[in-house]
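> would you be able to build a 3D model of this:
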Amino acid sequence: MLRRSLLLSAALFALTACGRQAADGEGPLKVGATAVPHAEILEQVKPILAAEGIDLQVVVFNDYVQPNTQLAEGRLDANYFQTKPYLDEFNAGRGGNLVTVAGVHVEPLGAYSRRHKALAELPNGAEIALPNDASNTGRSLLLLQTAGLITLKKGADPLQTVADIAGNPKGFRFRELEAATLPRVLDQVDLAVINTNYALDAKLSPRNDALTLEGGDSPYVNYLVTRADNRDDPRIKALAAALTSQPIKDYITRTYEGAVIPAK
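Prediction:
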């Protein structure tokens, strides 16, 4: 009986110690990410954190729902895959309490043309194709506004529509299509605004082929995200510092050649 009591006491002590270790931020740091480029970038961060005694464990997902769900449930310590507008939508729709920690990179949206070599060549009445989902429509319009082609009623509001165009001096016509189809209509329009993943699939180079491209100051930065109750974990702070360090910025610039750019 005494032996059983001692074993039970030892087990309870071990469980308490494990809980305390997790609370003290001393256990493995589990971070959810999509494969490209997020998990690839995190792999570059591993040795930086290992030198600080932090065991970074990257959990790769092929969807956008589970990384947030598992973070909210406490099965992950952080994730790295999403933009602030997407995070805001998740929190609003699911009652989440996830917060951004640091902006890391932008996968820039670009405008492409096979008919014209510069934006200045666009004729009056040119047809411009845009992605038709709400988030990317607004994002595309902001890109065109930054390029000086149009002006919008609500300035930098990322959820504007074609109806919110206040100035269109050349009378451009807009055609809204499924984002995945935009590369296929490039020969049929004067300009098409295309997401980077679809541009790469179509063998377009954002750096070399886009007539205008989002910069590192885009509001569509990909963030390191955690729970509100976890934001002061020293391991999270160390990860944020590593992800935004100059060596990682250099890796992103060198590896992705403009398809992914460090956030400012």
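
> what about the strands in the stretch 51-200 of the chain?
56-61, 78-83, 98-106, 110-112, 127-131, 151-152, 165-167, 173-177, 191-194 (DSSP state E, counting those that start in this stretch).

> the last one pairs with which strands, parallel or anti?
Taking DSSP bridges as the criterion, strand 191-194 forms sheet pairs with strand 110-112 (antiparallel), strand 127-131 (parallel).

> which residue sits closest to the residue nearest the centre of the chain in space, ignoring its chain neighbours?
Nearest residue to the geometric centre of the chain (Cα atoms, centre = their mean): residue 222, 2.6 Å. Take residue 222 and drop its neighbours on the chain: the residue closest to it by Cβ to Cβ, 6 or more residues apart in numbering is residue 105, 5.2 Å away. Bear in mind the C-beta positions are built from the backbone N, C-alpha and C, glycine included.

> so the residue nearest to the centre of the chain, which state does it fall into?
Assigned with DSSP: H, G, I helix; E, B strand; the rest coil, residue 222 falls in the strand class.

> for it, which residues are in contact?
Neighbouring residues of residue 222 by Cβ atoms under 8 Å, 6 or more residues apart in numbering: 38, 80, 81, 82, 83, 103, 104, 105, 106, 107, 263.

> now do it against residue 136, distance only.
The gap separating residue 222 from residue 136 is 15 Å, by Cβ to Cβ, to the nearest Å.

> same question for residue 28.
Note on residue 28: its distance to residue 136, by Cβ to Cβ, is 36 Å.

> repeat for residue 220
Look at residue 220 and residue 136: by Cβ to Cβ, they are 9 Å apart.

> can you pull out the helices in the protein?
Remark: helices assigned in the chain by DSSP state H are 2-23, 40-50, 66-72, 84-94, 134-146, 196-201, 206-209, 234-243, 246-256.

> many thanks, have a good one.
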